[in-house]
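J.: Provide a 3D model corresponding to the input given below.
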Amino acid sequence: MPLALWQEVKGKQTLFTVPRPVKKVARKRKKIPPSEWAPQHRPITVGPLAGTRYKKETVPYANGIMDASVHNAVEEIVLCCADQVSKSFIMETLIGYMADRMPGPVAYTYPDEDTTKDNIKDRLLPMFRDSPRLKTYLTGSRDDESKSRINLTHMPIYATWAGSPTKLANKSIKYIIADEVDKFPDTAGKKEGAPLDKLRKRFRTYNYGRKMWISSTPTIDTGAIWVELNDCNIVFEYHVVCPDCGHEQPMVFEQIKWPEDMRDPALVLDSKNQVHYVCPHCGSCWGEAKRNAAVRWGKWRAMKKSPDGEKEYIDAQASGSTPGQVGMEMFEYLDKHKPRKIGFHIPSWLSRFVKLKEVAAAFLASIKNKIKLKDFNNSHAAKPWTDFTQERQEDVILKLRDDRPRGIVPGGDKVCCLTAGIDTHGLDDRGWFAYEIRAWGWGNTDKLLPESWQIREGFIAGATDIDKSTLVPGQEVMPGGFAALEQILWNTKYYDSEGKEYFVLLALQDAMGRRTSEVYNFCIKHRYRIYPTQGVDSTRMSQPHSFSDLEYYPGTKTKIPGGVRLYRFNNKFYKDILDGKLSTNIADPYAWFLHNETTKEWARQLCSEVVDEKSQQWVKVTSNAANHGWDCSVLNILAAEILGVKYQVKQARQRPEVRSQRPGGVAKSNFMSRG
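T.: So this is what the prediction gives:
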């Protein structure tokens, strides 16, 4: 103290009051982990438990994640999660904990602006307002509680999104939340770099105590969350404890059991107490209550590899009192090895909010549907979708041939209807059509697309005289254009081996190209029997298919007589179905049959497209690959979907009622007997 000031106050007594904000900042609170803090100060603001306080047993696996996040050595935390496992709740709770115990600027980041602001408004702000402790940090000013930023009395929380380089680039951040990173754009601009890289640059100025949480439901194996998980120093797996035998074990999908004869997903969802988790050590069947108890007593264990490979646990048979325990306990590992980047893998069957029967039903629905299989992998198993579809070889396709000759419909009354798909290839004097007629089986209780048989396929040239130099090698093309197509579709009779006659119920024709108007005219001429189509990229169309009633010819003000209905369809959706069909053995249900005269060239065209690993869209294997047979098959699947073939269940024939007869063979009249 300066001498002059000291002489002034020496011997005097002064009383003063310390302001409450100063007391709050200066107070040294007892250090507690987030799992102890949350039950005291974390309100639940959304979902069925809204209005209650957080309880540790509600989401048991969350406690370890939150406590590991504040370990001194840890800087990055990766959460690879299924849906409905409370990952957003975990990160929001950590924001509240940091605000109360370890304050610093926060960047709250989602894939797009609307999602970020909605979560600030609907989740983060209510958490602060409903918590007596956190509420004291709000300034009370409406301007400090906007959807784009929360200004607390001692720290800011910024709303940022992946597509905004400016939002990500001009702040120094201590805590970063990056949620749903697999939905982030690859880059916010080629010169800007990937969003996660830009985010990491924001906390460079904080050398101590900085944290970054990266979370998402996985999509593909090259997606951001799976790449980040594999980049971790260590990945932790949650092990549950059997309530009956006490054996500790990882919880795996293969142990979820249901009756073997129950194959309909709807029946599984409607069932009661028929889906269980079976302990592999004692055979105990866990219902929902026992499953929740097993998870409640569980622990996180360290394993060397991410869950896509063969698991290898750190320090197998580590010391402990739990039977069967393998892998070093998480906090023991953190204290011993001090990893900088850690990961957690959370499948849906750990969550009390996901019923075991929901998991079983999702799996059954995915058996014959590649799209639903991808969803099961992502949303339940928390694993990326790896498309194992390799370039199909012609010889593999030709194994789908049965013993029928070309043009013959399968007998035995197992065919519901016939459809046709026509691909239009430059329909001028030198252009041509590719076509395929297919028979479809009756619908089934699984509501899946039934088996299908190729009846006739080929190519029709537009001109009477064919210049063979313009044709694809190996093609046999008949001339005649639209007239020949008309003859094949509706003026040719198709019979099964028992003599029953069939006709093409619905045909679909590709209308995009240089002769769209001619295709429209042909469809008008055969109205209700054939419709024009347009394939649309899946990034521009979310539903499987839709239709539009057109009034004018394309690019003109000329009216179409009576109008025409154009079916637009999601290319990827129906090509995924076809790919699954071509991968089904003909001995299995719902197979895709070819007749015994199918050529190698047609089979080659069914191998013409594959899924691009990056865009996940179907592309040609080479730029000049002929894919007309592939396109015709896709249109046949679309036609079957429009007709609702999978719902057309075959009705059992009823025997006619035999009325009693009087002696002599004369039937008794109901009218005469007043019956």
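
J.: can you count the residues close to the spatially closest residue to residue 280 that is not a sequence neighbour?
T.: Leaving out its chain neighbours, the residue that sits closest to residue 280 by Cβ to Cβ, 6 or more residues apart in numbering is residue 255, at 6.0 Å. (Each C-beta comes from the backbone N, C-alpha and C, glycine too.) For residue 255, the neighbour count with other Cβ atoms under 10 Å is 15.

J.: With residue 374 instead?
T.: 19.

J.: What of residue 591?
T.: Residue 591: 18 neighbours (other Cβ under 10 Å).

J.: Let me know the pLDDT of it.
T.: pLDDT recorded at residue 591 is 91.

J.: Helices along the stretch 151-300 of the chain, start to end?
T.: Using DSSP state H, counting those that start in this stretch, the helices of the stretch 151-300 of the chain run over residues 165-169, 195-202, 224-230, 265-270, 288-296.

J.: pLDDT below threshold where in the stretch 151-300 of the chain?
T.: The model of the stretch 151-300 of the chain has pLDDT under 70 over residues 164-170, 186-193.

J.: swap in the stretch 301-450 of the chain?
T.: For the stretch 301-450 of the chain, the ranges with pLDDT under 70 are 304-325, 368, 386-392, 426-431.

J.: Show the residue spans covered by the helices in it.
T.: 330-337, 356-366, 370-379, 394-398.

J.: now, of the ones you listed, which is deepest in the fold?
T.: helix 356-366 (a mean of 21; mean count of other Cβ atoms under 10 Å).

J.: Tell me which residues are up against it.
T.: 253, 256, 258, 263-266, 268-269, 271, 274-277, 287-288, 291, 348-349, 372-373, 375-376, 379-380 (Cβ atoms under 8 Å, 6 or more residues apart in numbering).

J.: thinking residue 513 is in contact with residue 424, fair?
T.: Yes - with contacts counted by Cβ atoms under 8 Å, residue 513 reaches residue 424, the gap being 5.6 Å.

J.: Skipping adjacent residues, who's closest to residue 263 in space?
T.: Using Cβ to Cβ, 6+ apart, the closest residue to residue 263 is residue 364 (6.1 Å).

J.: Hmm, I typed the wrong one, I wanted residue 103.
T.: Using Cβ to Cβ, 6+ apart, the nearest residue to residue 103 is residue 155, at 4.4 Å.

J.: need the contact list for that neighbour.
T.: So, once contact is read as Cβ under 8 Å, 6+ apart, residue 155 ends up touching 99, 103, 104, 105, 106.

J.: didn't the fourth one look like it was pressed against residue 152?
T.: No - taking Cβ under 8 Å as the contact criterion, residue 105 and residue 152 are not neighbours in contact, 10.2 Å apart.

J.: looking at it, residue 394 is touching residue 600, isn't it?
T.: Yes - counting by Cβ under 8 Å, residue 600 is a contact partner of residue 394 at 5.2 Å.

J.: What's the local residue count around residue 490?
T.: 15.

J.: those strands in the stretch 501-650 of the chain, which residues are they?
T.: For the stretch 501-650 of the chain, strands defined by DSSP state E, counting those that start in this stretch occupy the ranges 501-502, 504-510, 530-536, 545-552, 559-570, 592-593, 609-611, 618-620.

J.: Let's have those in a markdown table, adding mean neighbour count.
T.: As requested, the strands of the stretch 501-650 of the chain are exported to a markdown table (neighbours: other Cβ atoms under 10 Å):
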| stretch | mean neighbour count |
| --- | --- |
| strand 501-502 | 13 |
| strand 504-510 | 22 |
| strand 530-536 | 21 |
| strand 545-552 | 13 |
| strand 559-570 | 16 |
| strand 592-593 | 22 |
| strand 609-611 | 19 |
| strand 618-620 | 17 |
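
J.: Looking at those strands, which is nearest to residue 524?
T.: In terms of Cβ to Cβ, the element of the strands of the stretch 501-650 of the chain nearest to residue 524 is strand 559-570, at 5.8 Å.

J.: now that closest one: how far from the chain's centre is it?
T.: The chain centroid and the centroid of strand 559-570 are separated by 32 Å under Cα atoms, centre = their mean, to the nearest Å.

J.: Adjacent strands (with direction) for that strand?
T.: Applying DSSP bridges to the sheet, strand 559-570 is found paired with strand 530-536 (parallel), strand 545-552 (antiparallel).

J.: what's the span of stretch 435-448, first residue to last?
T.: Stretch 435-448 has an end-to-end distance of 25 Å (Cα to Cα, to the nearest Å).

J.: picking that back up, any idea which of the strands of the stretch 501-650 of the chain gets closest to residue 136?
T.: strand 559-570 (51.8 Å).

J.: now that closest one against strand 504-510, angle please.
T.: Per axes from the mean of the first three to the mean of the last three Cα atoms, to 10 degrees, the angle that strand 559-570 makes with strand 504-510 is 90 degrees.

J.: Would you state the helices of the stretch 551-675 of the chain in chain order?
T.: Along the stretch 551-675 of the chain, counting by DSSP H, counting those that start in this stretch, helices occupy 571-582, 600-605, 628-643.

J.: what's near enough to touch residue 296?
T.: 57, 60.

J.: Give the burial count for residue 498, as a bare number.
T.: Residue 498, neighbours per other Cβ under 10 Å, totals 9.

J.: An error on my part: the question was meant for residue 5.
T.: Neighbour tally, residue 5, other Cβ under 10 Å: 9.

J.: For residue 17, see how far away it is.
T.: 21 Å (Cβ to Cβ, to the nearest Å).

J.: before we move on, which element is residue 11 in?
T.: Counting by DSSP states H and E, no helix or strand carries residue 11.

J.: What is the burial count for it?
T.: Neighbours of residue 11 under the rule other Cβ under 10 Å: 5.

J.: From residue 1, how far out is it?
T.: 14 Å.

J.: Same check on residue 42?
T.: Distance, residue 42 to residue 1, using Cβ to Cβ: 45 Å.

J.: give me the beta-bridge partners of the residue nearest to residue 116 when sequence neighbours are not counted?
T.: Excluding the flanking residues, the one nearest residue 116 by Cβ to Cβ, 6+ apart is residue 110, at 4.1 Å. Taking DSSP bridges as the rule, residue 110 bridges to residue 161.

J.: quick one, what contacts residue 110?
T.: Counting by Cβ under 8 Å, 6+ apart, residue 110 touches 116, 119, 161, 162, 179, 180.

J.: The first one contacts residue 159, correct?
T.: The reference is to residue 116. Yes - at 4.8 Å, residue 116 counts as touching residue 159 under the criterion of Cβ under 8 Å.

J.: where in the stretch 501-650 of the chain is pLDDT low?
T.: In the stretch 501-650 of the chain, residues with pLDDT under 70: 514, 613-614, 623.

J.: if we go to 90?
T.: Within the stretch 501-650 of the chain, the segments meeting pLDDT under 90 span 511-519, 536-543, 551-562, 576, 579-580, 583-590, 599-601, 604, 607-628, 648-650.

J.: which ones are touching residue 122?
T.: residue 46.

J.: For my notes, confirm it occurs in a helix.
T.: Yes - counting by DSSP: H, G, I helix; E, B strand; the rest coil, residue 122 falls inside a helix.

J.: Need phi/psi at residue 131.
T.: phi -100, psi 120 (degrees, to the nearest 10).
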